[in-house]
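A.B. asks: fold the stuff below for me.
(one chain, ligands or ions: 1)
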Amino acid sequence: MTTSLESDRAARTDGWWRSAVVYQIYPRSFQDSNSDGVGDIPGIVSRLDYLAELGVDVLWLSPVYRSPQIDNGYDISDYRDIDPLFGTLADLDELIGRAHDRGIKLIMDLVVNHTSDQHAWFIESRDPASDKRDWYFWRPARPGHEPGTPGAEPDDSQAAFAPSVWTHDPRSGEYYLGIFSPGQPDLNWENPDVRQAVHAMMRWWIDRGVDGFRMDVINLISKPAVLTSRGPIAAAPSGMWQIANGPRLDEFLAEMNREVGLDAQNLLTVGETPGATIEVAQRITDPARHELNMVFTFEHVSLDQVGWNKWDLADLTLPALKDNLAQWQYGLAEAGWNSLYLDNHDQPRAVSRFGDDSPEHRVNSAKTLATVLHLHKGTPYVYQGEEFGMTNAPLTEIGHYLDVESLNYHTLAVATGIPEVDVLRSLARKSRDHARTPVQWDDTPYAGFTAGVPWMPVNPNYPAINADAARRDPGSVFAHFQRLIRLRHADEVVREGRFDLLLPDHEQLWAFTRTLGDRVLLVVANCSSAPAEIPPDSLPGLDGAELVLGTHDDAATSVLAPWESRILRLTSAG
Ligand code: GLC
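C.D. replies: Numbering: from 1, shown residues only. Sure, this is the predicted structure:
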């Protein structure tokens, strides 16, 4: 008799993730089952049929571990238990088993750049005599300053969600590093005991049947010398972009892969890597190096900002977006692999940001964005609600926001004299809260998300935009996602074909081919809310091409309707 662990392993054939579509669940906002207003694991179990109907292969669960929830679970106080908000370990075991029954795999979010300040490791580390002291970064006050007084932090670096990366601990008079917030102290990966503890924890989850890990800000684990040397912190690099891709990153990832058996067991590994360049991604995802299968780039979601500051808004142009995705395609074409995404729990809604969420264009723009994304080479990620075109929420006043990042930005920006109206404009465009409104399941109160009061208001457009309505409409965004997922599963060209960008400077059309041997798919998509004409003779082989999947019925014309897209099979390779 085979154990379920053995059959889990057998289901993971070599390279299986290259043909997979991953669906991200942000559990807090997915489905509540016990009427406390917060989504939970039994709620996810109750929606597995829906996910199977959509056709996705893998679920990525944002963190459900024990946590004080200052960053909605990205601050973990116990890696081996489930927060009661979300259920129990038994609930998770059931979810894994029931997902596997449907042929759906499950990956966990692995948050090991930092723990919660309530984690037992950190609590012990507060004692200067403890052998866990060195598991975190403890540093004295700035020379000549009284610890705990204003300006005594070891340096001036700002945290992602707080004014300083340094927090004073009165017990020892020293400061600890938390590059996100004081509730998220950074682990010291230089210490081999830290690494071994993380590896052991990962093995424990694999033994429970998980199929891989999404690794939170994993390229921040190797800190620069200014932080790892014991000397005074003269000028630590400020901001996480400067901390990224440190000197021992590849070594730590390869060691983890080896020690945990990530590749040996064909687990899916995807690293979240803010500030990773194509060169960094080439190294990390080269299969011969045995680090990770793929990474999440931040470049294409940083094109609508100035520099590294996401709140400093800039206009996005289609040529810039196309070029960026194309460079990643070319950069990882030989060795390595791309992950493909337009939104997640940290980004605004794709259709509102890259498409047109007006009633007239929402459906077609959501479909066309999906067409373009899913026809790139790599593993596509669908973020909950994206599959039926959920939009940004009408967040207009500071009182509408809940996210620690948004609230911290508002406080700091207003204090430095940025006019509140500008701050609110940035928040309305970029806040992570847009992604976190409850999933709109149907048109009943609170959109079927909860029978209680939701932790975050439901987007008021739920009577028109919901999963139930989309499932019943063959022309819906949901139906289009189903077709795209089926196409990827059925067509080797979609999975493995070479990518070539066409019409790079066109301001409305996104066009490219995928080529495998003599088989060619051509994608042409109008990414604008006005009609667009295909320039004569600009797309070789267009005449007589067969329509594989389109947003509109009439695919023979040379003019594409607003947000129309076509996937065509060329009849000859010319
Ligand atoms: C990642 C997560 C984000 C979290 C941060 C700190 O970027 O996706 O939600 O706030 O890491 O853990």
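
A.B. asks: assign a three-state SS to the closest residue to Ala326 other than its chain neighbours, would you?
C.D. replies: Excluding the flanking residues, the one nearest Ala326 by CB to CB, 6 or more residues apart in numbering is Leu501, at 4.1 Å. For the C-beta atoms, the positions are set from N, CA and C on the backbone; glycine is no exception. When classified by DSSP: H, G, I helix; E, B strand; the rest coil, Leu501 comes out as strand.

A.B. asks: quick one: contacts for Leu501?
C.D. replies: 322-323, 326, 329, 511-512 (CB atoms under 8 Å, 6 or more residues apart in numbering).

A.B. asks: now tabulate those residues in a markdown table and tack on secondary structure.
C.D. replies: What follows is the contacts of Leu501, written out as a markdown table (three-state DSSP):
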| residue | secondary structure |
| --- | --- |
| Lys322 | helix |
| Asp323 | helix |
| Ala326 | helix |
| Gln329 | helix |
| Ala511 | strand |
| Phe512 | strand |
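
A.B. asks: closest to Arg98 out of these?
C.D. replies: Nearest to Arg98 among the contacts of Leu501, counting by CB to CB, is Gln329 at 35.8 Å.

A.B. asks: show the contacting residues for the residue lying closest to the closest one once chain neighbours are set aside.
C.D. replies: In space, and not counting its chain neighbours, Gln329 is closest to Phe499: 4.1 Å by CB to CB, 6+ apart. Residues near Phe499 by CB under 8 Å, 6+ apart: 326, 329-330, 333, 376-377, 512-514.

A.B. asks: among those, name the buried ones.
C.D. replies: Taking 16 or more other CB atoms under 10 Å as the criterion, what is buried in the contacts of Phe499 is 326, 329, 376-377, 512-514.

A.B. asks: if we check the ligand, which of these are in contact?
C.D. replies: Counting by CB under 6 Å from any ligand atom, nothing from the buried ones among the contacts of Phe499 sits close to the ligand.

A.B. asks: correct me, but Ser431 touches Leu395?
C.D. replies: Yes: taking contacts as CB atoms under 8 Å, Ser431 lies within contact range of Leu395: 6.2 Å.

A.B. asks: give me the neighbour count for the closest residue to Asp433 other than its chain neighbours.
C.D. replies: The shortest distance from Asp433 to any non-neighbouring residue, by CB to CB, 6+ apart, is to Asp403 (4.9 Å). Applying other CB atoms under 10 Å, we find 21 residues neighbouring Asp403.

A.B. asks: hang on, Asp403 packs against His434?
C.D. replies: No: at 9.5 Å, Asp403 does not count as touching His434 under the criterion of CB under 8 Å.

A.B. asks: mind checking the SS state of the residue nearest the centre of the chain?
C.D. replies: Centroid-nearest residue in the chain: Asn344, 4.6 Å away (criterion: CA atoms, centre = their mean). When classified by three-state DSSP, Asn344 comes out as coil.

A.B. asks: low pLDDT regions in the protein?
C.D. replies: For the chain, applying pLDDT under 70 flags the ranges 1-2, 231-241, 572-574.

A.B. asks: would you mind naming the helix or strand containing Leu549?
C.D. replies: Taking DSSP states H and E as the definition, Leu549 sits inside strand 546-550.

A.B. asks: show me what the helix or strand just after that strand is packed against.
C.D. replies: Sequence-wise, the next helix or strand downstream of strand 546-550 (DSSP H and E) is strand 559-560. Under the contact criterion of 3 or more CB pairs under 8 Å, 6 or more residues apart in numbering; DSSP states H and E, strand 559-560 touches strand 519-526, strand 532-533.

A.B. asks: tell me the phi and psi of whatever residue of the chain ends up closest to the ligand?
C.D. replies: Closest residue of the chain to the ligand, CB to the nearest ligand atom: Tyr74 (3.4 Å). Phi and psi for Tyr74, reported as degrees, to the nearest 10, are phi -80, psi 20.

A.B. asks: how about the residues of the protein near the ligand?
C.D. replies: Counting by CB under 6 Å from any ligand atom, the chain comes close to the ligand at 71, 74, 111, 180, 216-217, 272, 345-346.

A.B. asks: for Ala200, state which of the buried ones among the contacts of Phe499 is nearest.
C.D. replies: Distances from Ala200 to these, taken by CB to CB, are shortest for Lys377, at 35.5 Å.

A.B. asks: residues contacting the closest one?
C.D. replies: So Lys377 contacts 329, 333, 338, 495-499, 514 (CB under 8 Å, 6+ apart).

A.B. asks: measure it to Glu272 for me?
C.D. replies: Taking CB to CB, to the nearest Å as the measure, Lys377 falls 20 Å from Glu272.

A.B. asks: repeat for Leu542
C.D. replies: Distance of Leu542 to Glu272, computed by CB to CB: 38 Å.

A.B. asks: the two: who's more crowded?
C.D. replies: Comparing Leu542 with Glu272 by neighbour count (other CB under 10 Å), the higher total belongs to Glu272, at 23 against 16.

A.B. asks: give the full set of residues in contact with the closest residue to that one other than its chain neighbours.
C.D. replies: Residue nearest to Glu272 in three dimensions, not counting chain neighbours: Phe296, with 4.8 Å by CB to CB, 6+ apart. Under the criterion of CB under 8 Å, 6+ apart, the neighbours of Phe296 are 270-273, 339, 341, 344.

A.B. asks: 7 Å - rerun?
C.D. replies: Contacts for Phe296 (CB atoms under 7 Å, 6 or more residues apart in numbering) come out as 270, 272-273, 339, 341.

A.B. asks: save these as CSV, and put in secondary structure too.
C.D. replies: Listed next are these as CSV, based on three-state DSSP:
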residue, secondary structure
Val270, strand
Glu272, strand
Thr273, coil
Ser339, strand
Tyr341, coil
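
A.B. asks: closest to Val372 out of these?
C.D. replies: Nearest to Val372 among the contacts of Phe296, with distances taken as CB to CB, is Tyr341, at 12.3 Å.

A.B. asks: wait, doesn't the closest one sit right on Tyr381?
C.D. replies: Yes: in this structure, Tyr341 is within contact of Tyr381 by CB atoms under 7 Å, at 4.2 Å.

A.B. asks: gap between the closest residue to the residue of the chain closest to the ligand other than its chain neighbours and Ile221?
C.D. replies: Excluding the flanking residues, the one nearest Tyr74 by CB to CB, 6+ apart is Val111, at 5.5 Å. Using CB to CB, Val111 is found at 11 Å from Ile221.

A.B. asks: can you give me the end-to-end span of stretch 530-540?
C.D. replies: End-to-end span of stretch 530-540 (CA to CA, to the nearest Å): 24 Å.

A.B. asks: sort out which residues of that stretch are buried, please.
C.D. replies: Within stretch 530-540, the residues scored as buried using 16+ other CB under 10 Å are 532, 534, 539.

A.B. asks: next up, the contacts around Gly389.
C.D. replies: For Gly389, the contact set (CB under 7 Å, 6+ apart) comprises 351, 362-363, 366, 465, 477.

A.B. asks: let's go with 6 Å and repeat that
C.D. replies: 351, 362, 366, 477 (CB atoms under 6 Å, 6 or more residues apart in numbering).

A.B. asks: now the strands for the stretch 201-350 of the chain?
C.D. replies: With strands called from DSSP state E, counting those that start in this stretch, the stretch 201-350 of the chain shows them at 212-215, 268-272, 294-296, 305-306, 309-313, 339-340.

A.B. asks: list just the nearest of the contacts of Leu501 to Arg66.
C.D. replies: Gln329 (39.8 Å).

A.B. asks: neighbours of Glu507, how many?
C.D. replies: 11.
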